[in-house]
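J.: structure, please.
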Amino acid sequence: MLATGSRTLTEGLLWRVMKIEEPNQADGKLVWSGGGAEPELSLKPGRYYAEATFGLARDGLEFELPENEKVTQIVSLNAGTLHVHGAAVAGGPPLENVFFSLRKQDPQAEQPEDIGRSSLPDAVFHVPAGQYQLLARYGLAKVDMPVTLSPGEEKRIEAVMDTGELTLSAHAKADGPLMSGATFFIYENGEAGRHREIVRSKLGEPKFSLPAGHYRVAAVLGLAQVEKDVTIKAGEQKQRQLVLNAGGVRLKSSLAGNGTLLDRPLLYRVFSLTDDDGKPANKEILTSTISSPTIFLPKGRYRIESQYGWHNARQTQEVEVTAGDVINVAFEHKASDVKLRLVPKPGGKPIDRVKWTLKYNGGGTVLIAQDAAPSLVLQAGHYQVMAQHEAKTYTQTFEAVSNREQTIEVVAQ
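T.: Okay, here's the model as predicted:
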């Protein structure tokens with residue numbers, strides 16, 4: 001029984017019976033263990049200890065079994081039962097996915113440990129009579145309440161979570177289709193500019209369980225971002241569409257006349273041609289080294305630069321990004337892979353310790369380097385190269401031919 005005079009327990013019981021030699025013996029020899037509401041055993045005469053376990057409650061008693069006699073022993077567990085469920089509002093339907101934990105009240109414990117946990121919609125705890133702390137968690141909502149349980153008591157508790165549901169979705173434009181790939185943020189709605197992030201999600205259409213209150217929500221995809229203030233009431237199920245007012249730009253680069261997509265060293269730079277007030281601007285906002293990226297940008301005008309290699313092979317285009325659309329932007333590079341060598345004679349071994357200066361033929365400087373044999377990607381065109389070794393300088397002009405690998409030998413003569 002849970003307590004003297006209460007109903008007899010009929011299920012969920014575990015038993016151990018131990019043979020002891022003297023009263024109050026701390027341990028004994030286990031002679032039987034098992035389950036059942038009222039197990040009946042045949043035992044040799046002697047002294048025994050019978051222990052019953054029911055959930056988290058455990059107790060037992062000692063008894064003497066005379067020879068040729070039948071005895072009945074009743075174990076009172078000095079325990080009770082808690083039936084717990086969570087609800088968004090008082091009297092509301094039970095919530096799924098509430099996590100309950102039960103702790104024994106101990107003022108001296110710095111970190112009280114959980115003695116029982118459950119994620120069932122109707123959680124049941126069989127525990128010794130006493131004082132406890134019941135903690136219920138549902139999403140970001142948390143309720144902590146004291147519970148007192150008397151011997152034999154079966155208590156029902158409703159954990160009122162005071163919570164609502166918020167479902168978010170991202171859209172490129174109003175009434176546009178659901179977008180994937182966005183990251184959603186929930187912030188505490190504090191002072192302006194001082195919002196503390198409390199949760200984020202990359203699901204396509206995330207649902208957040210939030211304590212009733214005021215929040216700031218945001219969706220971010222690439223450089224596109226939108227924020228809104230949202231109020232959640234207890235028991236409310238709210239949906240919010242976050243319109244990014246943005247579009248996508250799909251980039252690729254290839255060699256002119258070849259068509260093969262470039263997948264080595266590429267650098268894309270994106271410049272915004274308008275500021276937040278719609279005035280003309282030329283501000284770099286993004287770089288990417290991915291060979292064929294798709295970039296999401298707020299609607300507006302942009303200049304995009306594709307640089308092949310790390311020198312002067314660049315192509316530039318201006319684009320107009322509209323909300324809800326994805327545009328393709330292709331760059332064709334007229335470029336050459338060029339290797340520079342200073343040799344004592346044609347086909348000879350490159351000379352070390354060379355200072356190189358590469359210029360447009362009749363124009364500005366492209367490269368200054370101290371490398372025995374530099375390898376470059378150059379925009380097609382005419383160049384002048386100067387190789388300085390010790391006290392001498394050797395000069396040569398050459399043409400970088402599109403879509404060709406070239407080795408330029410400067411002969412030290």
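
J.: what helix or strand does the closest residue to residue 223 other than its chain neighbours sit in?
T.: The shortest distance from residue 223 to any non-neighbouring residue, by Cβ to Cβ, 6 or more residues apart in numbering, is to residue 297 (5.3 Å). All C-beta spots, glycine's among them, are computed from the backbone N, C-alpha and C. Assigned by DSSP states H and E, residue 297 belongs to strand 294-298.

J.: so how far is the following helix or strand past that strand off the chain centroid?
T.: Going down the chain from strand 294-298, the next helix or strand is strand 300-308, by DSSP H and E. Its chain's average C-alpha position is 31 Å from that of strand 300-308, according to Cα atoms, centre = their mean, to the nearest Å.

J.: now do strand 300-308, average pLDDT.
T.: Strand 300-308 carries an average pLDDT of 96.

J.: partner strands of it and their direction?
T.: Here strand 300-308 has these sheet partners by DSSP bridges: strand 266-274 (antiparallel), strand 313-321 (antiparallel).

J.: out of these, nearest to residue 21?
T.: strand 266-274 (85.4 Å; Cβ to Cβ).

J.: chain center to that closest one: distance?
T.: For strand 266-274, the distance to the chain centre is 29 Å (Cα atoms, centre = their mean).

J.: contact partners of that strand?
T.: Outside strand 266-274, the residues within contact range by Cβ atoms under 8 Å, 6 or more residues apart in numbering are 251, 253, 280-291, 293, 295, 297, 300-308, 310, 318.

J.: quick one: average confidence on it?
T.: pLDDT averaged over strand 266-274 gives 94.

J.: buried residues in it?
T.: Along strand 266-274, these residues count as buried under the neighbour rule (16 or more other Cβ atoms under 10 Å): 266-272.

J.: swap in stretch 79-90?
T.: In stretch 79-90, counting by 16+ other Cβ under 10 Å, buried: 79-82, 84-89.

J.: please apply the same query to stretch 307-325.
T.: Neighbour count says stretch 307-325 has 307-309, 311-315, 319, 321, 323-324 buried, by 16+ other Cβ under 10 Å.

J.: also stretch 181-190?
T.: Quick answer for stretch 181-190 (16+ other Cβ under 10 Å): 182, 184-187, 189.

J.: now do residue 143, the pLDDT please.
T.: 95.

J.: list the contacts for it?
T.: Residue 143 makes contacts with 86, 135-136, 159-162, as judged by Cβ under 8 Å, 6+ apart.

J.: now do residue 279
T.: Per Cβ under 8 Å, 6+ apart, neighbours of residue 279: none.

J.: before we move on, the earlier item: turn the strands paired with strand 300-308 into JSON lines, including distance to residue 63.
T.: Putting the strands paired with strand 300-308 into JSON lines (distance: least, Cβ to Cβ, whole Å) gives the following:
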{"stretch": "strand 266-274", "distance to residue 63": "85"}
{"stretch": "strand 313-321", "distance to residue 63": "85"}
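
J.: which of those sits closest to residue 217?
T.: strand 313-321 (23.9 Å).

J.: got the CA positions of the closest one in CSV?
T.: Extracted in CSV, the C-alpha atoms of strand 313-321 (Å, rounded to 0.1, in the frame of the first residue of the first chain):
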residue,chain,number,x,y,z
ALA,A,313,42.1,39.0,-65.2
ARG,A,314,38.8,40.7,-64.2
GLN,A,315,35.3,41.0,-65.7
THR,A,316,32.6,43.3,-64.4
GLN,A,317,28.8,43.4,-64.9
GLU,A,318,26.0,45.5,-63.4
VAL,A,319,22.8,43.7,-62.5
GLU,A,320,19.3,44.6,-61.3
VAL,A,321,18.0,42.3,-58.5
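
J.: relative orientation of it and strand 294-298 in degrees?
T.: 50 degrees (axes from the mean of the first three to the mean of the last three Cα atoms, to 10 degrees).

J.: identify the residues contacting strand 313-321?
T.: 246-247, 249, 253, 273, 297-308, 327, 329, 331-333, 335, 377-379.

J.: so what does the following helix or strand past that strand touch, helix or strand wise?
T.: Sequence-wise, the next helix or strand beyond strand 313-321 is strand 326-333, with elements assigned using DSSP H and E. Under the contact criterion of 3 or more Cβ pairs under 8 Å, 6 or more residues apart in numbering; DSSP states H and E, strand 326-333 touches strand 246-255, strand 300-308, strand 313-321.

J.: just the angle for the second one relative to strand 246-255, thanks.
T.: Put plainly, it is strand 300-308. 20 degrees.

J.: in strand 300-308, which residues are buried?
T.: Under the neighbour-count criterion of 16+ other Cβ under 10 Å, strand 300-308 has 300, 302, 304-308 buried.

J.: what score does residue 191 have for pLDDT?
T.: pLDDT, residue 191: 59.

J.: ok, now residue 45?
T.: On the pLDDT scale, residue 45 is placed at 94.

J.: hang on, isn't it packed against residue 63?
T.: No - applying Cβ atoms under 8 Å, one finds residue 45 not in contact with residue 63, separated by 11.6 Å.
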